[in-house]
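A.B. asks: test case, fold it:
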Amino acid sequence: MKVLGEHMNKELSTIFSLVGLFFGVVAQDAIARPIGARPQAAAFGVGVNIPLVGRLLGGGNVLFTTAINVSNNTTGPAQVDFFLDGVDIAKQTSFVLTGSLSSTGAPVQQGTGGQMRARSNAHYDDFVGALVSAGLMSQDFLNDGFVGSALFVFNGFSKRGQGSVIARFQNDFGGGTIGVSLKGHELTVNEPQTLVAAVRDTRGKSGPQLYANVFINNIGLTPAGGPGDTITVQITAYANSTGQPIGSPITIQNLGPGQTATVGNILQALGAPATEDTILIYASVTSGSSAIAGLVSQVDASTKDGSAFEMSRADF
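C.D. replies: Sure, this is the predicted structure:
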């Protein structure tokens, strides 16, 4: 099933706190068309959403990057467009980019460079760095840092699996990298505005010392697949021990299409009692029409290794 969406240039209002977070997500079966794109140059077909794309310095000046693989799994070439939407971390200014992947897999201006060839994969060790090298982003982003989302659209594709994208959020360590990749959500014309996940904070207790960070992404589509808008999202907590509400809700305001908000140390941010090491969190759109996607990263407090998983829909 196919949907129509648009990534729009909106002012970014985001909560950002990132220490030892790793992320990768793939979604598909969306049609996307950016505002202002020339119809003859814009891809229109299966869409794969990456709710978090980042390049930044974390704790201890450790560089975190996002590696991305884009695959054309079919027997024919196709135009593949990408729509990047995020913020310059140092300047806190929004940034939107529309481009395509060339026949050689290089990022280029939209509609140029030929089509991505059949049965091929384009790999980027550092997607933001690759866009800087291609002259599509300013050199400032290498030092300022970037966080946002990306949507890849495979022209003419209409079935799951024809095009795919996988991202790996990683950091340099000991001559190698530490990272986690995640195959994520497939977009359809039935997307949620309410999500749920169980999260833990076990620091100070026996066993692994874990804490959780949460990412909420405005996917830029309504639940029915139309173009979305700016939304407000509320995160509430329920105690695992009693099933009753605890703490104080968090409100994320002015989250524009394609933008991603981050809440670090979610149990502390919600004011969960120290006696509760596991809670259920619900993220719900309270104003606006866009659907949302959500990720949780459970981070080891000692090693900073993280494991990421997608939040479940809760519009039941």
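A.B. asks: give me the domain ranges for the protein.
C.D. replies: 4-181, 194-313 (automatic domain parsing).
A.B. asks: worst mean pLDDT among those?
C.D. replies: For the domains of the chain, the weakest mean pLDDT is recorded on domain 4-181, namely a mean of 78.
A.B. asks: hang on, the earlier thing: closest one to Leu187 among the domains of the chain?
C.D. replies: domain 4-181 (3.8 Å; Cβ to Cβ). To be clear about C-beta, it is placed using only N, CA and C from the backbone, and glycine gets the same treatment.
A.B. asks: wait, doesn't Thr286 sit right on Thr232?
C.D. replies: Yes: in this structure, Thr286 is within contact of Thr232 by Cβ atoms under 8 Å, at 5.0 Å.
A.B. asks: what about Leu131, which helix or strand?
C.D. replies: helix 127-133 (DSSP states H and E).
A.B. asks: buried ones in that helix?
C.D. replies: 127-132 (16 or more other Cβ atoms under 10 Å).
A.B. asks: among those residues, list the two that are farthest apart in space.
C.D. replies: Using Cβ to Cβ, the two most remote members of the buried residues of helix 127-133 are Phe127 and Val132, lying 9.9 Å apart.
A.B. asks: ok, longest strand in this structure?
C.D. replies: Longest strand in the chain by number of residues (criterion: DSSP state E): strand 45-57.
A.B. asks: residue contacts, Gly258?
C.D. replies: Going by Cβ atoms under 8 Å, 6 or more residues apart in numbering, Gly258 touches 7-8, 83, 85-86, 96, 148-149, 151, 217-220.
A.B. asks: among the residues you listed, which are located in strands?
C.D. replies: Filtering the contacts of Gly258 for strands - DSSP E - leaves 83, 85-86, 96, 148-149, 151, 217-218.
A.B. asks: which one of these is nearest to Gly243?
C.D. replies: Looking across the ones in strands among the contacts of Gly258 and measuring by Cβ to Cβ, the closest to Gly243 is Asn217, at 27.4 Å.
A.B. asks: which non-adjacent residue is nearest the closest one?
C.D. replies: Pro51 (3.4 Å; Cβ to Cβ, 6 or more residues apart in numbering).
A.B. asks: neighbours around that neighbour, how many?
C.D. replies: 28 (other Cβ atoms under 10 Å).
A.B. asks: among the ones in strands among the contacts of Gly258, which ones are buried?
C.D. replies: 83, 85-86, 96, 148-149, 151, 217-218.
A.B. asks: what ranges does the stretch 1-150 of the chain have for its strands?
C.D. replies: 4-5, 31-32, 45-57, 63-72, 80-88, 93-101, 107-109, 120-124, 146-155 (DSSP state E, counting those that start in this stretch).
A.B. asks: quick one, which of the ones you listed is nearest to Arg200?
C.D. replies: Set against Arg200 and scored by Cβ to Cβ, the strands of the stretch 1-150 of the chain come closest in strand 45-57, at 20.4 Å.
A.B. asks: the inter-axis angle of the closest one versus strand 80-88?
C.D. replies: With axes from the mean of the first three to the mean of the last three Cα atoms, to 10 degrees as the basis, strand 45-57 and strand 80-88 are set at 30 degrees to each other.
A.B. asks: output the buried residues of helix 127-133 as a markdown table; include the columns distance to Gly47.
C.D. replies: Shown next, in a markdown table, are the buried residues of helix 127-133 (distance: Cβ to Cβ, whole Å):
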| residue | distance to Gly47 |
| --- | --- |
| Phe127 | 17 |
| Val128 | 20 |
| Gly129 | 24 |
| Ala130 | 20 |
| Leu131 | 19 |
| Val132 | 24 |
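A.B. asks: and the residue most central in space within the chain, how far is that from Val147?
C.D. replies: Central residue of the chain (Cα atoms, centre = their mean): Pro51, 1.5 Å from the mean position. Pro51 sits 11 Å away from Val147, going by Cβ to Cβ, to the nearest Å.
A.B. asks: quick check: neighbours shared by those two?
C.D. replies: Joint contacts of Pro51 and Val147 (Cβ under 8 Å, 6+ apart) are Thr260.
A.B. asks: can you show me the helices along the stretch 201-316 of the chain?
C.D. replies: Applying DSSP state H, counting those that start in this stretch to the stretch 201-316 of the chain gives helices spanning 266-270.
A.B. asks: how about the strands in it?
C.D. replies: Using DSSP E, counting those that start in this stretch, strands in the stretch 201-316 of the chain cover 210-218, 231-239, 245-255, 260-263, 278-287, 292-300, 306-310, 312-313.
A.B. asks: can you put these in JSON lines and add distance to Asn61?
C.D. replies: Converted to JSON lines, the strands of the stretch 201-316 of the chain look like this (distance: least, Cβ to Cβ, whole Å):
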{"stretch": "strand 210-218", "distance to Asn61": "19"}
{"stretch": "strand 231-239", "distance to Asn61": "30"}
{"stretch": "strand 245-255", "distance to Asn61": "28"}
{"stretch": "strand 260-263", "distance to Asn61": "19"}
{"stretch": "strand 278-287", "distance to Asn61": "31"}
{"stretch": "strand 292-300", "distance to Asn61": "18"}
{"stretch": "strand 306-310", "distance to Asn61": "18"}
{"stretch": "strand 312-313", "distance to Asn61": "35"}
